[in-house]
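A.B. asks: from the sequence below, what's the structure:
(chains A and B)
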Amino acid sequence: MKEMENDLMPIVIKGQDIHKRYVMGKDNYVDALQGASIEVEEGGMVAVMGPSGSGKSTLLHILGCLDSLDSGEVWLDGRRVDDLGGGDLTKLRREEVGFIFQTFNLVSSMNALENVALAAQYAGKGRREAREAAEAAMARVGLADRQKHRPSELSGGQQQRVAIARALVNSPRVIFGDEPTGNLDSASSEEIVAMMHSINNETGTTFVLVTHDPGVAEACGHVIHMLDGKVRE
Amino acid sequence: MQVLRNVFRRKLRVFLTISGITIGVLALVVMGSMAEKINLMVSGGTRYYSDKVTVNAEGSGAMFSTGPLSLGKLQEIKNVPGVAEVSGSIGALLETGSSMSFGMPAMIIGSDMRGDNLENFKIGYSQGQTIGPNDVGSVVVGSDLVSKLSAKVGEYITVRGEQFKVAGIMDKTLTAPDSSVYMTLSDAQRLFMQDLPEMVRSQINAADIVTSFVVYPTKDTDPEALAATINDTVSGVTATGPSAFKEQIASVTGIFNAILYGIAIISLVVGGLSVINTMTMSVSERTREIGVRKAIGASDGQIVRQFLTEAGVIGLIGGVSGLFLGWIAATIVNAALESRNLNLFVVTPRLAIGAVVFAVVLGLVSGLYPSLHAARMRPVAALRYE
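C.D. replies: Next up is the predicted model:
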């Protein structure tokens, strides 16, 4: 493991010259990332903006260990992770990172509490321990009274709060959000942004949010712009 | 609970899949219980014949012949070296006119009981007691015939129009004695005479007739070798050793078993294919969910386990309901055939456990490919799936 030094806050995520090509067929491909580089300070709240197809989501997925890269490097908390195998990546996703998606992506057959507890169980917690951690996370997002509700019985804003609780339950270093307010009305969006902001302030959890929403960008301390698979700050 | 909720997400489809397995297990249980019944009869017979030689009239079609023999042969056979005791017996159908049907027909067995103290095939009595060679007019009734003959110890039953007092009721053996009525040799000889044509009857003496001899070898004599010696030295009889029973019966029932189980296995394979189909569709429908689960930290092993458990539960539910329905079917058919003295099915514990275990394994094996497919999905590709 190699430690990285920084004058101010330590860098928690670093992407270096990342290339990613999606091949759809013979002579049909998309160069989603063409040498993207990014650094995120620990405890930061970063918005990644840019037009559709600029590579925002691809960058987020690669930084969050959900997708592989063709060339370049990814460092998470001082550790190079782009060359790790499947088992190590699974461990990282359990312990170091959390995800929030545009479409919430809760498991529809489970109630809110079970959805949150699932992530804790995957991280190795026992049933009871996972449940207690999930209850605490649900309380943190203000949904202590909605634990038994299925996702279909919750509003969009509430579902996204459950998703935030799920991302929080294992106390990750970084939470990645892919258009977290993209499916919400403006009131719910503001609520979600405020919640992420307060979590960031209280716990120091780093947020990296891909967004089109100026409100989200405004709430973030740092905005990164992307175009044609590259970062242009 | 979560597993059941996932399994029953698509209720109709899962119901149809479970029905497929249920029908397969039903077939396995029904066919298997028929085979088990035959196996028990055969193993009982194999055990009974394992230490003795059976002697029938020559040319009368070997072991189960009811062709008449003269009791005079008894002494001749007894003189053969290696013979410890010879017992004369009569075997006749309980009801004249009944033909050999599936399983064993109900029989009247009369014996002089000379070999009883050498008999290793011991039968217990659930009520009453056994009869001796002089208990003329008394009978012992096999367990399957109790209700048919309305037999009660101490009371009388009618056999071939004659009244006999019930001395005892035998324990269930699951083999031939269950459907037999035992009586003294002289009683059986009298009943047997009724079967013979008038012309034959007038020429022979009832007290001289038997249909077979049971020969008990001395301790160190091989029954197979003894049968050969009897064939060589005693004229007019055919002696058969233990292997003849196996050859005649066991090999035929082996093929029969293979056919029965074959039919059941085919129906289970069809059930297994429908589990593969259901689980593959389930994996495909839940691609996004699999992506989410992987994104929040599920390992490949955990995804495999999740879908395998669901497939196993489908197998388990199908197996248990198939067993239940099969058991009901066997019980109903047995009850319906009781009056005809046909006890066709025996659902043994090993068959019941085997059928359910088989269904679960079938579910697991069928679920393996869809589960591995689910586990191997790349999280991002699965998340993008619409």
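A.B. asks: closest residue of chain A to chain B?
C.D. replies: A:R94 (3.3 Å; C-beta to the nearest C-beta). Where you see a C-beta, it was placed from the backbone N, CA and C, and this is true even at glycine.
A.B. asks: nearest to chain A within chain B, name that residue for me.
C.D. replies: B:G297 (3.3 Å).
A.B. asks: which residue packs closest to that residue, ignoring adjacent ones?
C.D. replies: Nearest non-adjacent residue to B:G297, counting by C-beta to C-beta, 6 or more residues apart in numbering or on different chains: A:R94, 3.3 Å away.
A.B. asks: identify each buried residue in whichever helix or strand that neighbour is part of, please.
C.D. replies: Using DSSP states H and E, A:R94 sits within helix A:86-95. By 16 or more other C-beta atoms under 10 Å in any protein chain shown, the buried positions in helix A:86-95 come out as A:89-94.
A.B. asks: now do stretch B:145-158
C.D. replies: By 16+ other C-beta under 10 Å, the buried positions in stretch B:145-158 come out as B:145-146, B:148-149, B:151, B:153, B:157.
A.B. asks: got the contact list for B:I204?
C.D. replies: Going by C-beta atoms under 8 Å, 6 or more residues apart in numbering or on different chains, B:I204 touches B:68, B:196.
A.B. asks: how confident was the prediction at it?
C.D. replies: Looking at B:I204, its pLDDT is 81.
A.B. asks: again, but for B:R384
C.D. replies: pLDDT, B:R384: 80.
A.B. asks: could you do B:V159 as well?
C.D. replies: 88.
A.B. asks: rewinding a little: which elements pack onto the helix holding A:R94?
C.D. replies: Identification of packing neighbours for helix A:86-95 by 3 or more C-beta pairs under 8 Å, 6 or more residues apart in numbering or on different chains; DSSP states H and E yields helix B:287-295.
A.B. asks: tell me the mean pLDDT for the following helix or strand past the helix it packs on?
C.D. replies: Using DSSP H and E, the next helix or strand after helix B:287-295 towards the C-terminus is helix B:300-337. In this model, helix B:300-337 carries a mean pLDDT of 92.
A.B. asks: quick one, helix B:300-337 and helix A:86-95 angle?
C.D. replies: On the basis of axes from the mean of the first three to the mean of the last three C-alpha atoms, to 10 degrees, helix B:300-337 is oriented at 90 degrees to helix A:86-95.
A.B. asks: what angle separates the helix or strand following helix B:300-337 from helix B:300-337?
C.D. replies: Tracing the chain past helix B:300-337, the next element assigned as helix or strand by DSSP H and E is helix B:349-375. Interaxial angle of helix B:349-375 relative to helix B:300-337 (the same axes, to 10 degrees): 150 degrees.
A.B. asks: mind checking which helix or strand B:Q163 is in?
C.D. replies: Applying DSSP H and E, one finds B:Q163 within strand B:162-170.
A.B. asks: list the buried residues for that strand?
C.D. replies: Quick answer for strand B:162-170 (16+ other C-beta under 10 Å): B:164, B:166-170.
A.B. asks: cool, stretch B:29-47 as well?
C.D. replies: B:29-42, B:44-46.
A.B. asks: keep only those of these that are in strands.
C.D. replies: Residues of those located in strands (DSSP state E): none.
A.B. asks: which of the residues you listed fall in helices?
C.D. replies: Those of those mapping onto helices are B:29-42, B:44-46, per DSSP state H.
A.B. asks: enumerate the residues of chain A near chain B.
C.D. replies: Counting by C-beta under 8 Å from any C-beta of the partner chain, chain A comes close to chain B at A:61, A:64, A:66-67, A:86-87, A:90, A:93-95, A:98-99, A:101, A:105-110, A:114, A:118-119, A:122-123, A:166-167, A:170.
A.B. asks: and the residues you listed, which are buried?
C.D. replies: Neighbour-count burial (16+ other C-beta under 10 Å) applied to the residues of chain A next to chain B gives A:61, A:64, A:66-67, A:90, A:93-94, A:98-99, A:101, A:105-107, A:109-110, A:114, A:118-119, A:122-123, A:166-167, A:170.
A.B. asks: ok so, going back, partners of the next helix or strand after the helix holding A:R94 in the sheet?
C.D. replies: Once helix A:86-95 ends, the next helix or strand along the chain (criterion: DSSP H and E) is strand A:97-101. Using DSSP bridges, strand A:97-101 pairs in its sheet with strand A:174-178 (parallel).
A.B. asks: gap between the strand it pairs with and the chain center?
C.D. replies: 1 Å (C-alpha atoms, centre = their mean, to the nearest Å).
A.B. asks: could you list the buried residues of the helix or strand following it?
C.D. replies: Sequence-wise, the next helix or strand downstream of strand A:174-178 (DSSP H and E) is helix A:186-203. Going by neighbour count (16+ other C-beta under 10 Å), the buried part of helix A:186-203 is A:188-193, A:195-197, A:199-200.
A.B. asks: next one: stretch B:318-337
C.D. replies: If you call a residue buried by 16+ other C-beta under 10 Å, then stretch B:318-337 has these buried ones: B:318-323, B:325-327, B:329-330, B:333-334.
A.B. asks: what's the answer for stretch B:48-57, then?
C.D. replies: Buried residues in stretch B:48-57 (16+ other C-beta under 10 Å): B:48-49, B:52-57.
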